[in-house]
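Participant: My questions concern the predicted model and sequence given below.
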Amino acid sequence: MSNSVPEGWDTFKVGELAHVKRGASPRPIQDTKWWGGHVGWVRISDVTSAYKYLKKTTQYLSNEGVSKSVQIPTGEVILSICATIGRPIIVGVDACIHDGFVWFDKLKKSIDREYWYYFLLSKEEFLSGQRQSGTQGNLNTSIVAELECLLPPLPEQQKIATILSSVDDVIEKTRAQIDKLKDLKSGMMQELLTKGIGPDGKPHTEFKDSPLGLIPVTWTARNVGELFKVQLGKMLSNASKLGVSPFPYLGNKNVQWGKVDLTDLEEMDFTERDRAKFSLRPGDLLMCEGGDVGRAAIWEGELSNCYYQKAIHRLRPINESYNPKLLLEYFRFAKDRGLLRDFISQTSIAHLTKEKLELVPVPVPPRREQEQIVAIFDSVNVRIEKLSEKVAGSEAIKKALMQDLLTGKVRVKIDNKEPAVA
């Protein structure tokens, strides 16, 4: 690395710049005396649900609990080394960390903490690949301490951090807009999928009993199997994957909420008979049979000669009486509110059999009203999708900037009035 060190920069190992210190947990963890105070106890889920700054935690330690953990000064950076490995975050609240995190005790004052955060963020993919064997996988402190860091003078660190932070500000604001739209849609689901749209454009006011509870008098309730032909995908086996007629197929991972993800498609053998049985047509609804049971998307004909495996149910409309997009939104609504719970088999892995799926009751508004409801959901979905594309674009810009700025490939201009290195 010495041959590629930019002029004025130095290269260090992380362990030369700070003491890589692991967190700790009070034991036994179930003892109530450790809990109920005002100092946050950081969990991996707190970090993955936040962005750059940790602003809240879901659990809080008592004073006794704090004494058995590792408290982090506000403004310092922590790094996850278990489960989700290599994720840094800046601590913005009074908090302690358990042994699934490390922090950088006595990190030199000549290092800007935001620059340090971006340096660690640039190493996330590498660190994730260094996980050690175990149930969840973990990372030991020596691997973190051996990381090499290119370090510019403090004013340049601060300028780089400012540039990257400006991109993060755009990302965070855009994500906040997405969250507001999702909250709006959640409220709309409750209204539209239970009260609908009357002739006057307002919710219905007259209701009747049904297997779903009260529904508008002009609606009916029917089982999925009456409206859609359900076909589970092809059983995955090593023999079929090594066949002579390989075709791409969709697995559970490829069906995300409202979207078919075509990245990392695998192939297996599909005979002519298989291809007829497990074909896909535009308008087919695809649902996860196991894992995140009920997660669904509409196949829009994104790829020709693509099929699907047993982890997925294909729901094909029997006639034109029910819009599959409405069923997609109803499944999301039903799953969020636990309405599918009684139909899901709870064995070692949760799954929804074809037989039980066909018995799930769904509300059936008149076709014209279905189209009205779907159009409203579509308008919100389009706005969310456009904002999501904006986030993805900003993330790509940020990644490229990090590659250029954190290596010195592109140098930033420093105002002479900026402070010298501490």
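Facilitator: Sure, I can see it.
Participant: alpha carbons only for contacts and neighbour counts from here, please
Facilitator: Will do.
Participant: so where does the nearest residue to residue 258 once chain neighbours are set aside fall, helix or strand?
Facilitator: Closest residue to residue 258 apart from its sequence neighbours, by CA to CA, 6 or more residues apart in numbering: residue 297 at 4.2 Å. In this assignment (DSSP states H and E), residue 297 forms part of strand 296-298.
Participant: average pLDDT across that strand?
Facilitator: For strand 296-298, the mean per-residue pLDDT is 97.
Participant: Show me what it is packed up against.
Facilitator: Other helices and strands packing on strand 296-298, by 3 or more CA pairs under 8 Å, 6 or more residues apart in numbering; DSSP states H and E, are strand 255-256, strand 259-260, strand 285-288, helix 324-336.
Participant: Try it again at 10 Å.
Facilitator: Contacts defined by 3 or more CA pairs under 10 Å, 6 or more residues apart in numbering; DSSP states H and E place strand 296-298 against strand 255-256, strand 259-260, strand 285-288, strand 312-317, helix 324-336.
Participant: Restricting to C-alpha, output the fourth one in PDB.
Facilitator: Yep, that's strand 312-317 we're talking about. Coordinates of the C-alpha atoms in strand 312-317 are reproduced here as PDB (Å, rounded to 0.1, in the frame of the first residue of the first chain):
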ATOM      1  CA  ILE A 312     -43.500 -20.400  -4.500                       C
ATOM      2  CA  HIS A 313     -47.200 -20.600  -5.200                       C
ATOM      3  CA  ARG A 314     -48.400 -19.300  -8.600                       C
ATOM      4  CA  LEU A 315     -52.000 -17.900  -8.400                       C
ATOM      5  CA  ARG A 316     -53.500 -17.500 -11.800                       C
ATOM      6  CA  PRO A 317     -56.900 -15.800 -12.100                       C
END
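Participant: quick one: average pLDDT of it?
Facilitator: Strand 312-317 comes out at a mean pLDDT of 97.
Participant: could we number from 48 for the rest of this?
Facilitator: Happy to do that; since the first residue is 48 now, the last one works out to strand 359-364.
Participant: mind checking how far that strand is from the chain centre?
Facilitator: 25 Å (CA atoms, centre = their mean, to the nearest Å).
Participant: Give me the spatial nearest neighbour of residue 275, chain neighbours excluded.
Facilitator: Nearest residue to residue 275 in three dimensions, chain neighbours excluded: residue 364, at 4.4 Å (CA to CA, 6+ apart).
Participant: got a list of what that neighbour touches?
Facilitator: Neighbouring residues of residue 364 by CA atoms under 10 Å, 6 or more residues apart in numbering: 271-277, 330-332, 370-371.
Participant: follow-up on the earlier one: was I right to think the residue nearest to residue 305 contacts residue 299?
Facilitator: No. Applying CA atoms under 10 Å as the test, residue 344 and residue 299 come out as separate, 11.1 Å apart.
Participant: list residues touching both of the two?
Facilitator: Counting by CA under 10 Å, 6+ apart, the residues touching both residue 344 and residue 299 are 333-335.
Participant: on that earlier part again, mind listing what's buried in the strand holding residue 344?
Facilitator: Across strand 343-345, burial judged by 16 or more other CA atoms under 10 Å covers 343-345.
Participant: ok, now stretch 136-143?
Facilitator: 136-143.
Participant: Next, format those residues as JSON lines and append distance to residue 85 and pLDDT.
Facilitator: Formatted as JSON lines, the buried residues of stretch 136-143 follow (distance: CA to CA, whole Å; pLDDT from 0 to 100):
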{"residue": "136", "distance to residue 85": "20", "pLDDT": "98"}
{"residue": "137", "distance to residue 85": "19", "pLDDT": "98"}
{"residue": "138", "distance to residue 85": "15", "pLDDT": "97"}
{"residue": "139", "distance to residue 85": "14", "pLDDT": "96"}
{"residue": "140", "distance to residue 85": "10", "pLDDT": "96"}
{"residue": "141", "distance to residue 85": "8", "pLDDT": "95"}
{"residue": "142", "distance to residue 85": "9", "pLDDT": "96"}
{"residue": "143", "distance to residue 85": "11", "pLDDT": "97"}
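Participant: circling back to that earlier point, and the gap between the residue nearest to residue 275 and residue 305?
Facilitator: Distance of residue 364 to residue 305, computed by CA to CA, to the nearest Å: 17 Å.
Participant: Residue 196 now?
Facilitator: Taken as CA to CA, the span from residue 196 to residue 305 is 41 Å.
Participant: Check residue 171 too.
Facilitator: For residue 171 relative to residue 305 (CA to CA), the value is 29 Å.
Participant: pLDDT weak spots in the chain?
Facilitator: Where the chain drops to pLDDT under 70, the residues are 48-50, 179-184, 285-290, 395, 463-469.
Participant: can you give me the helices for it?
Facilitator: Using DSSP state H, the helices of the chain run over residues 61-64, 91-96, 110-114, 160-168, 171-175, 188-192, 201-239, 271-274, 285-288, 319-324, 371-383, 401-404, 414-452.
Participant: Pick the most deeply packed of these.
Facilitator: Highest mean neighbour count of those: helix 160-168, a mean of 21 (counted as mean count of other CA atoms under 10 Å).
Participant: How about residue 335, nearest residue that isn't a chain neighbour?
Facilitator: The nearest residue in space to residue 335 (CA to CA, 6+ apart) is residue 359, at 4.8 Å.
Participant: Show the contacting residues for the one you found.
Facilitator: Residue 359 touches 278-281, 297-302, 332-337, 340-343, 399, counting by CA under 10 Å, 6+ apart.
Participant: What is the burial count for the nearest residue to residue 308 once chain neighbours are set aside?
Facilitator: Computed as CA to CA, 6+ apart, the closest residue to residue 308 that is not its neighbour in sequence is residue 301, at 4.7 Å. Using other CA atoms under 10 Å, the number of residues around residue 301 comes to 20.
Participant: Tell me if I'm right that residue 301 and residue 309 touch.
Facilitator: Yes. Counting by CA under 10 Å, residue 301 does reach residue 309; the two are 6.2 Å apart.
Participant: before we move on, back to that, which residues are contacting the strand holding residue 344?
Facilitator: 299, 301-308, 328-336, 359-362, 371-372, 374-376, 378-379.
Participant: what about 8 Å?
Facilitator: Strand 343-345 has contacts (CA atoms under 8 Å, 6 or more residues apart in numbering) with 302-307, 329-335, 371-372, 375, 378-379.
Participant: Need the buried ones from those selected in ChimeraX.
Facilitator: Buried residues within the contacts of strand 343-345, by 16+ other CA under 10 Å, are selected in ChimeraX with:
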select :302,303,304,305,307,330,331,332,333,334,335,371,372,375,378,379
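Participant: and the helices and strands packed on strand 343-345 as CSV, adding distance to residue 453?
Facilitator: Output for these, formatted as CSV (distance: least, CA to CA, whole Å):
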stretch, distance to residue 453
strand 302-303, 34
strand 306-307, 35
strand 332-335, 41
strand 359-364, 43
helix 371-383, 42
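Participant: This completes my enquiry, with thanks.
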